[in-house]
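Peer 1: sequence and predicted structure are below.
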Amino acid sequence: MKVFVLGGDGFCGWPTSLHLSAQGHEVVVVDNLSRRLIDVDLDVDSLTPIRPIEERLEVWKELTGNEIRFINLDLAQEYERLVDLFIKEQPDAVVHFAEQRAAPYSMRNPRAKRYTVDNNVTGTHNLLCAIVETGLDIAVVHLGTMGVYGYGWSGSAPIPEGYLTVKVPTPDGELDREILHPANPGSVYHMTKTLDQLLFAFYAKNDELRITDLHQGIVWGTQTPETALDERLINRFDYDGDYGTVLNRFIMQAAIGHPLTVHGTGGQTRAFIHIKDTVRCIEIALNNPPNRGDKVSVFNQVTETYRVNDLAELIASLTGVEVAYLPNPRNEAVENDLNVTRDRFLSLGLTPTTLSEGLLEETRDIGLKYAPRADPSKIIARSVWKAGMETSADLMR
Ligand code: NAD
Ligand code: USQ
């Protein structure tokens, strides 16, 4: 299969590109390198020493003989180039990772809010519109998020895979209907993913595009078998207050002896998946596309759920580091239950990597090994959800 990986230089996109290439697919990475520029703007760096995309691809070819091409293109800004590229290359499928993905960054200031909406919504729409304009039958696999469902909306009822069956009262009795699960985003970033869902629903209905939307939980870990082949292929590891996600942040914090930064009580329950399983899920989704005329195919791409506080206590007990309960900079439920249906990937052969298997390796091979590269001043989360909210950065003044 010829696969375009949009956002193929990023944390999920890079290991996915290598995995698909290793499976024998022809892979083209399309990325505008905006994520690297945001690092420069925020004056932060990946904990792991990531190499320029050109060098990454040269090393991959040198080690495996497999060629991955790179095209620097802005999905949200360069519509005509995208159309020309599709006509010239005729890909079979596109994996769409190319969005601004950090919730705290999306709440940072008006500029970041507007950038996140413009970049994510226009990028996704450009992709769909270009497929229709070219008339090509390109299957789309998009990385959505568990956050589209929100937390606690339906109490302890399991979150279904995308669709909810409801009863609609009418004068003639009740109608059974299947609807997209109500959207309940918790940040401007998560809101863009709920808007993506509507774009997909429309283009699947109107133009019969074949679309898979993967509602992924928080990805943890760093390496896959392919990125671990050579240090020059290493995946990125974000730990700063905007882009670092909770479990990887705790692993890095423990490695440098920084108190673990629990927001609020830590009663927030979230869904997680290891990066090794992310790449496998994408491959499974590519191999099982919907047919033309089908509704959007939705998978919940998660393997385990944990309460933030339990993760912190677990890592503290393994490493001896303290847990710090900090003011929560986010406007989110203090605590929530989370019960997620995740049958589809399991039935298609996914064998999950569990926290108990991967945590020690991650702490040793990434956290401790690259600890000297950490800048502790970048750890505290400073982006607040509403003006006037206190953060732990305020306490440190
Ligand atoms: P990332 O920021 O590391 O990677 C995104 C990549 O897309 C970057 O390389 C960036 O340069 C590129 N990009 C962004 N806008 C672009 C544009 N307009 N044109 C071309 N390229 C563009 O993010 P990630 O962690 O790899 O996440 C990838 C996708 O997976 C995102 O859509 C995110 O919402 C989703 N996701 C991530 C996680 C997670 O925990 N990392 C969890 C659930 C879902
Ligand atoms: N949290 C802490 N301490 C920290 C960092 C986070 O307690 O140091 C808490 C947050 O307040 C939140 C939870 O941990 O309650 C998760 O935060 P996160 O930053 O790990 O994850 P989130 O902001 O939800 O975003 C990440 C990715 C995003 C993806 C999402 C999947 O950045 O791209 O869509 O996970 S999900 O959460 O399932 O929607």
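Peer 2: Thanks, I have it. Numbers count the residues shown, from 1 in each chain. Ligands and ions are numbered 1, 2, ... in the order given.

Peer 1: what residues does the stretch 51-200 of the chain put near ligand 1?
Peer 2: By the rule CB under 6 Å from any ligand atom, the part of the stretch 51-200 of the chain lying against ligand 1 is 74-76, 97-99, 101, 119, 123, 143, 145. Yep, even glycine has a C-beta here, placed from its N, CA and C like the rest.

Peer 1: secondary structure, pLDDT and neighbour count for those residues - can I get that in JSON lines?
Peer 2: Shown next, in JSON lines, are these (DSSP: H, G, I helix; E, B strand; the rest coil; pLDDT from 0 to 100; neighbours: other CB atoms under 10 Å):
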{"residue": "D74", "secondary structure": "coil", "pLDDT": "99", "neighbour count": "19"}
{"residue": "L75", "secondary structure": "coil", "pLDDT": "99", "neighbour count": "26"}
{"residue": "A76", "secondary structure": "coil", "pLDDT": "98", "neighbour count": "22"}
{"residue": "F97", "secondary structure": "coil", "pLDDT": "98", "neighbour count": "24"}
{"residue": "A98", "secondary structure": "coil", "pLDDT": "99", "neighbour count": "30"}
{"residue": "E99", "secondary structure": "coil", "pLDDT": "99", "neighbour count": "25"}
{"residue": "R101", "secondary structure": "coil", "pLDDT": "98", "neighbour count": "25"}
{"residue": "N119", "secondary structure": "helix", "pLDDT": "99", "neighbour count": "21"}
{"residue": "G123", "secondary structure": "helix", "pLDDT": "99", "neighbour count": "24"}
{"residue": "L143", "secondary structure": "strand", "pLDDT": "98", "neighbour count": "28"}
{"residue": "T145", "secondary structure": "strand", "pLDDT": "98", "neighbour count": "25"}
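
Peer 1: those: which two are farthest apart?
Peer 2: Within these, two members stand farthest from each other by CB to CB: D74 and T145, at 21.9 Å.

Peer 1: can you tell if stretch 250-267 touches ligand 1?
Peer 2: No - contact of stretch 250-267 with ligand 1 is not found when judged by CB under 6 Å from any ligand atom; the minimum separation is 13.7 Å.

Peer 1: can you give me how far that stretch is from the chain middle?
Peer 2: 21 Å (CA atoms, centre = their mean, to the nearest Å).

Peer 1: quote the end-to-end distance of that stretch.
Peer 2: Terminal residues of stretch 250-267 are spaced 16 Å apart (CA to CA, to the nearest Å).

Peer 1: now check it, is it near ligand 2?
Peer 2: Yes - judged by CB under 6 Å from any ligand atom, stretch 250-267 and ligand 2 are in contact via 261-263, 266.

Peer 1: and these, which of them are in strands?
Peer 2: Counted as lying in strands by DSSP state E, out of the residues of stretch 250-267 next to ligand 2, are 261-263.

Peer 1: just give me the neighbour total for whichever residue of the chain sits closest to ligand 1.
Peer 2: Taking CB to the nearest ligand atom, ligand 1 has its nearest neighbour within the chain at G10, 1.9 Å off. G10 sits with 26 neighbouring residues when counted by other CB atoms under 10 Å.

Peer 1: so who does it touch?
Peer 2: G10 sits next to 31, 35, 97-98, 101, 236 when contact means CB atoms under 8 Å, 6 or more residues apart in numbering.

Peer 1: residue ranges for the helices of the stretch 251-397 of the chain, please.
Peer 2: For the stretch 251-397 of the chain, the helices identified by DSSP state H, counting those that start in this stretch occupy 275-287, 308-319, 343-347, 355-362, 392-396, in order along the chain.

Peer 1: nearest to ligand 2, of those helices?
Peer 2: The stretch from the helices of the stretch 251-397 of the chain with the least distance to ligand 2 (CB to the nearest ligand atom) is helix 308-319; that distance is 4.5 Å.

Peer 1: report the buried residues of that closest one.
Peer 2: Neighbour counts over helix 308-319 (16 or more other CB atoms under 10 Å) mark 308-309, 311-312, 314-316, 319 as buried.

Peer 1: close to ligand 2, is it?
Peer 2: Yes - using CB under 6 Å from any ligand atom, helix 308-319 reaches ligand 2 at V308.

Peer 1: show me what that helix is packed up against.
Peer 2: Counting contacts by 3 or more CB pairs under 8 Å, 6 or more residues apart in numbering; DSSP states H and E, helix 308-319 packs against helix 246-256, strand 260-263, strand 323-326, helix 355-362.

Peer 1: so what touches it?
Peer 2: Helix 308-319 has contacts (CB under 8 Å, 6+ apart) with 246-247, 250-251, 254-255, 260, 262-263, 265-270, 321-323, 355, 359-360, 363.

Peer 1: just want the angle from that helix to helix 246-256.
Peer 2: Direction vectors for helix 308-319 and helix 246-256, defined by axes from the mean of the first three to the mean of the last three CA atoms, to 10 degrees, enclose an angle of 30 degrees.
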